[in-house]
Structures are given as C-alpha cells and as structure tokens.
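Colleague: Fold the following and give me the result.
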Amino acid sequence: MTVNDLNRVFNHLDGLRSEAIDLNKAIVPIKALGPSNGGSGEMEKAEFLKDYLKTIGVTDIKEFPASDSRVPGGLRPNIVARIPGQVSRTVWILGHLDVVPEGDLSKWETNPFEAVVKGNRIYGRGTEDNHHAIVTGCLVAKAFNDLGIKPYYTLGLAFVADEETGSKYGLQHLLETQPSLFKEDDLIIVPDAGESDSRMIEVAEKSILWVKFKTLGKQTHASMPANGINAFKAASHLVVALEELHEIYAERDELFDPPQSTFEPTRKEANVPNINTIPGEDIFYLDCRILPNYEIDDVLKTIRQISDRIEKQFNVKIEISTEQYEQAAPATDVNSPVVQALEKAIKVVYNVDAHPKGIGGGTVAAFFRRKGLPAAVWSTIDDMAHEPNEYDVLDHIVNDAKVFAHICLKKD
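Modeller: Predicted coordinates:
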C-alpha cells in the first residue's frame, strides 16, 4: 500500500456519502423479515444487492441458498462476493440481510420502511442493523473498482440470511456446506455490534442461559389462603433466592463489560385475572449471562438445588426448563491479526485507541469461533438496533468503510 493509494481511497469514500444514502433508500423499503418474524424472507433484497454489486464492477459473485419451505420459492439467500487482491488471504465483511419487525408504529416518527435523512442520520428499520455492514462493505468495493486499485488482501463480502432468528439458514448453512470458504488466516470482521466512540473490538462473549420457572401450588380464594398454596408467593421467594447465584459464580474477568456473570429475572407471565384469587400457577424467566470459565450445566444444577429448597419451604412444585442454552464459544485471541489490523486502522481513521472486549450478548461471530476461525466484531454505531426510530450515522458509515479499506490495503 502506498500513502497515495490510501489517500485516494479515503478521499473517494468521502465522496460516496450520497451513495450510502441511495443504497439505503433502495433496500430499507424491502421488508426482509424471516418467516419466524412473519415475513417472506430475504430473497428480494438479495436479488437487488446482487444486481447492485454488478453495477459497481463486482464480477465474482456466488450464491449459496439454504432450503426453507416456509418462504416463497423455498430458498433463503446467502451471497458471497469477492474483489481480488494481490494475495488470496481475505478480509471478510459479514452482514445480514434480514431485519426485525417495526414494532409499535406509534413510536416511530417516520415510516420505518422508508429511509429518511435528517442531518447526519439516516432513519429506517435495518439502517443500523445490519445495513451498516452491507453498505460499508459495498462502499469499499466501489471505491477500489472506481479507482482501479487492487488491494493487498482480497475483499470478501458475505451477506447472509436468518441472523435475527438463529442463523440456521444463513451463516451456519455457509459454514456447514462451504467449509473451505473461510480460512484460518483470513481477517473476519462482523460489523454487528460496537460503540459510538469506535473503541470496542468484541472478541469474546459470555454463555447465554434463559431459564423458565413454572411454580405450581393450589388456587383458592384470597380470603381463605390456608385452603390453597400461593404459587406467586413461592415464586417471589425463588426470585430473591436466585440472587445467591451472584455469590456462587462471583469470579470477574475484566475483559468483559460487566466483568462478572449476571443473573436477572426478566419476563413474568400473567397468573390470575382477578385480584381476589390466590394463583395456583406462576411463571417467570431468568436471563443468565455467564463468564466462559463456568459451565452452564453446573449453573443449572445450582439453580435446581435452590429451587428444591423453595419447594420444601412452600410445599410447591417448581418445573425448570431452558429457553436458550448457548455455551460460550472460544474467544478470539486479543493479539490475533484481525484485532491488530483493526486497532491500527481505527487509530488512523478515528484517532482513538480501540481495545478488545467481551460482551454479554451473542453475535454470529460465535459460529466462526467454534470453527476455529478468529473473528472480531466491530463497528461505530449508536446501538439503535431493534429500536423505534432506528438510525445509522452517515459519518460512521463512511469512516468505517475507511477502516475496512485500510485493512485491505495494508500489508503487514
């Protein structure tokens, strides 16, 4: 890479702000909801993007659809495009095609499926999650092709289906059916999480455990509590008793934010419709984000022991089931090439020192890591995913594209 090439690419990307707007205006109206979210899939969006890539000079485009009888045509799309570099080692930008439903329309100030520009922001469902990845990747490809610059590393764009509902028909399908597509020495970047100051490079995730508790007692009239067994009261004591998990699994790892495991009661289902009835059944849920050094099965065993104690104390039965069970994938090494490349490029573009971190949420990077492929999650976003009035910041789109271009051009 010459300094002149880098400057030319950066200057050209500055001029592609309107391209980022136009691309969002084209794809936001395509309601790419998966069937589990009440939609017909992502094929229309994939077809548009495939044609768009051709118009910006991308010739190496392959499709790896996954069969899904729930959508028209029976296929979920996965697109892989490459811009050849001087070496075959690839910098991958992974984006997902599907979006989530708009939710409560009354909370939106604009039509969620129309891209609307207000100042430095572009609003609409999917603009951040995950058009940020799609658009930044396309801008980098367009800049290289417009300028006739062959990057040092090959640029790979992977636009996949089904991220919002499990990735079975998206990245998991790609990894299972195309095992040689991604290489161990590739630099894999997933722009699907980040912070507005550009400083967080996500390299590790906690284990995720969602637990459902169904407490069974005996329903009766509230004026005669001795004739029944109050399932709600027993469940309430169980919620408090589960606080012991914080003391039992108290280790800290400063790589993560927060640095400890968390165990939070969240959703509660309705029990009885009227005030003067003691409920005989009560259901609530616990969200657990567990440091990777603990095994989920051990946590479940402890939860069962605490529940057994409450059962005896209140003469109830407590049924426990899991709604999500995801043991943490191995972390990406904080000194891996992809992390180091991101740190250097972020410093050049944003003039900040980025650092590897672990998070409590889950991303598709875990699928890469389980295959022994070191992946890093990074982007500059305001964390508006799934929110009403979702937006992306136009300056962030352009500048993140510069970061990815720097990595492709930089020979280390």
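
Colleague: Domains in the chain, by residue range?
Modeller: Using automatic domain parsing, the domain ranges for the chain come out as 3-204+329-409, 207-326.

Colleague: tally of neighbours for residue 85?
Modeller: A total of 20 residues lie near residue 85 under the criterion other C-beta atoms under 10 Å. (Each C-beta comes from the backbone N, C-alpha and C, glycine too.)

Colleague: looking at it, it is touching residue 149, isn't it?
Modeller: No. Taking contacts as C-beta atoms under 8 Å, residue 85 lies outside contact range of residue 149: 10.2 Å.

Colleague: residues in contact with residue 159?
Modeller: Shown in contact with residue 159 (C-beta atoms under 8 Å, 6 or more residues apart in numbering): 46, 49, 77, 78, 79, 80, 81, 94, 95, 96, 97, 134.

Colleague: quick check: longest helix of this protein.
Modeller: In the chain, taking DSSP state H as the definition, the longest helix is helix 296-314.

Colleague: and the angle from whichever helix or strand comes after it to helix 296-314?
Modeller: Where DSSP states H and E defines the elements, the next helix or strand beyond helix 296-314 is strand 317-326. Strand 317-326 runs at 160 degrees relative to helix 296-314, counting by axes from the mean of the first three to the mean of the last three C-alpha atoms, to 10 degrees.

Colleague: pLDDT on strand 317-326, on average?
Modeller: Mean pLDDT, computed over strand 317-326, is 96.

Colleague: Tell me the helices and strands packed up against it.
Modeller: On a contact count with 3 or more C-beta pairs under 8 Å, 6 or more residues apart in numbering; DSSP states H and E, strand 317-326 meets strand 207-216, helix 296-314.

Colleague: Other residues contacting the next helix-or-strand element following that strand?
Modeller: Next in sequence after strand 317-326, counting helices and strands by DSSP H and E, comes helix 337-350. Helix 337-350 is contacted by residues 91, 185, 187-189, 198-199, 201, 203, 332-333, 352-356, 374-376, 378, 380, 399, 402-404, 406-407, 410, 412 when judged by C-beta under 8 Å, 6+ apart.

Colleague: In helices, which of the residues you listed fall?
Modeller: 399, 402, 403, 404, 406, 407.

Colleague: quick one: the last one and residue 152 touch, right?
Modeller: Going back to what we said before, that points to residue 407. No. Applying C-beta under 8 Å, one finds residue 407 not in contact with residue 152, separated by 9.4 Å.

Colleague: Compare neighbour counts for those two and give me the winner.
Modeller: residue 407 (26 against 17).

Colleague: which one is the more buried one nearest to, not counting chain neighbours?
Modeller: Nearest residue to residue 407 in three dimensions, chain neighbours excluded: residue 341, at 4.7 Å (C-beta to C-beta, 6 or more residues apart in numbering).

Colleague: Please report the distance of that neighbour from residue 405.
Modeller: 12 Å (C-beta to C-beta, to the nearest Å).

Colleague: can you map out the helices along the stretch 151-300 of the chain?
Modeller: Secondary structure of the stretch 151-300 of the chain (DSSP state H, counting those that start in this stretch): helices at 171-177, 231-241, 244-248, 296-314.

Colleague: Can you give me the buried ones in the third one?
Modeller: Of the residues in helix 244-248, those buried under the neighbour-count criterion (16 or more other C-beta atoms under 10 Å) are residue 245.

Colleague: how distant is that helix from the center of its chain?
Modeller: Relative to the centre of its chain, helix 244-248 is centred 28 Å away, using C-alpha atoms, centre = their mean, to the nearest Å.

Colleague: now do the first one
Modeller: For helix 171-177, the distance between its averaged C-alpha position and the chain's averaged C-alpha position is 17 Å (C-alpha atoms, centre = their mean).

Colleague: same thing with the longest one?
Modeller: In terms of C-alpha atoms, centre = their mean, the gap separating the centre of helix 296-314 from the centre of its chain is 31 Å.

Colleague: other SSEs contacting the one helix or strand residue 44 maps to?
Modeller: Per DSSP H and E: residue 44 is located in helix 43-55. Applying 3+ C-beta pairs under 8 Å, 6+ apart, we find helix 43-55 packed against helix 17-27, strand 60-63, strand 79-83, helix 131-147, strand 153-160.

Colleague: And the first one, what does it pack against?
Modeller: It refers to helix 17-27. Against helix 17-27 (3+ C-beta pairs under 8 Å, 6+ apart) you get helix 43-55, strand 121-123, helix 131-147, helix 394-409.

Colleague: Out of those, which gets nearest to residue 268?
Modeller: With C-beta to C-beta as the measure, strand 121-123 is the member of the helices and strands packed on helix 17-27 nearest residue 268 (33.0 Å).

Colleague: What residues of stretch 345-354 count as buried?
Modeller: Going by neighbour count (16+ other C-beta under 10 Å), the buried part of stretch 345-354 is 345, 346, 349, 350, 354.

Colleague: ugh, wrong one, I meant stretch 395-412
Modeller: 396-410.

Colleague: on that earlier part again, the helices and strands packed on helix 43-55: which one's closest to residue 279?
Modeller: Comparison of the helices and strands packed on helix 43-55 against residue 279 by C-beta to C-beta identifies strand 153-160 as nearest, at 44.0 Å.
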